[in-house]
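Asks: quick one: sequence and predicted model below, then my questions.
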Amino acid sequence: MAILLEDRGYDVELKTGMSSTVLREAMENGSLDLCMDYTGTQWLSYTGHEFKGESPEEMYRKTSESDGAQGLIWLDPIWCNNTYAIAVTSEFSNQNNVKTLSDFAGYVKEKEGEVPFASDFEFYARPDGILGLQLHYDFAFTPDSITTVLPGLTFEYLVKGRSTAAMVFGTDSAVVKYNWVVLQEVDPAIIEAGRGMGMSEQQILVKVKLPLAVPVIMAGLRQAIVMNIGIAAIGSYIGAGGLGQPIFRGIANYRVDLIIVGAVFVSLLAIIMDLIMGRVELITTPKGLRIRGRSND
């Protein structure tokens, strides 16, 4: 972009090494006149919206409208997708049979969270970064296992063996240079087997990817339901009623018994719903995955 502007006769002062959040602040306070950024980063991180399956075109439109109201103009898109990814070495992947993000989550659980991981500051802080990854796949690193570094330096930790896994970008040349494995949710061998059987992309989606994703989808749904039950109890604070009433009455009147009663019933409701959804998960999970899961126990 700088080369193009200079070629057009502009006097360009190029600034590099800035994270997305720093770039955003610089654009808002006028320290920068122009920068390249991602619509997804603007929508999720800068303005705190949720992703609802928008297409790239829809995301660009919403982002343009949102920032337009702030006096920031988005030029025509170049449709560059430089997604976050998690990479491990080929040796680690083969030795531990870690091919997908679900496999990696299981490995971290097995090690009780003590798996060295390198991340840049932005991925560490973003709601759809490390936090979202751990919530979605139901695992957790120990705090000491995560090392945060400047953008573009995470791969050095993987090269030097100082981390087991690292956050990378989809366009990082280091991934190809060092023959690293970028973790995906569906094992590429399964996708290739489907194509070898003559399946179309739509058939692979319906008959391979979605069935394999059922356990993850249901796990997320179970977690969301349990979390919402706990959050719903807070509604009593604004007069919405519910099982939170005894808790807040107990707090207001210094009645520990009421607090305990309310907490017990909220907990019981959450446990019952989790058991019910666990049964639904078992029913909806393809039989082959249930058998594989039992054989791995």
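Replies: Sure thing, it's come through. Model, not experiment: these values are computed from the prediction. Residues are numbered from 1 along each chain as shown.
Asks: phi and psi next, for residue 235.
Replies: Here is the backbone geometry of residue 235 (degrees, to the nearest 10): phi -60, psi -20.
Asks: and for it, the neighbour number?
Replies: Using other C-beta atoms under 10 Å, residue 235 has 14 other residues around it. Placement of C-beta: from N, CA and C, glycine included.
Asks: next: residue 159.
Replies: Residue 159, neighbours per other C-beta under 10 Å, totals 15.
Asks: again with residue 72
Replies: 16.
Asks: what's the closest non-adjacent residue to it?
Replies: Closest residue to residue 72 apart from its sequence neighbours, by C-beta to C-beta, 6 or more residues apart in numbering: residue 27 at 6.2 Å.
Asks: then residue 127?
Replies: Residue nearest to residue 127 in three dimensions, not counting chain neighbours: residue 44, with 6.9 Å by C-beta to C-beta, 6+ apart.
Asks: part of a strand, is the residue nearest to residue 72?
Replies: No: read with DSSP: H, G, I helix; E, B strand; the rest coil, residue 27 is helix and lies in no strand.
Asks: next, count neighbours for it.
Replies: Using other C-beta under 10 Å, the number of residues around residue 27 comes to 19.
Asks: and the chain, what are its domains?
Replies: 2-68, 84-185, 190-295 (automatic domain parsing).
Asks: would you list the ones you listed in JSON lines and tack on distance to residue 76 and mean pLDDT?
Replies: Below are those laid out as JSON lines (distance: least, C-beta to C-beta, whole Å; pLDDT from 0 to 100):
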{"stretch": "domain 2-68", "distance to residue 76": "9", "mean pLDDT": "86"}
{"stretch": "domain 84-185", "distance to residue 76": "21", "mean pLDDT": "89"}
{"stretch": "domain 190-295", "distance to residue 76": "29", "mean pLDDT": "75"}
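Asks: lovely, talk soon.
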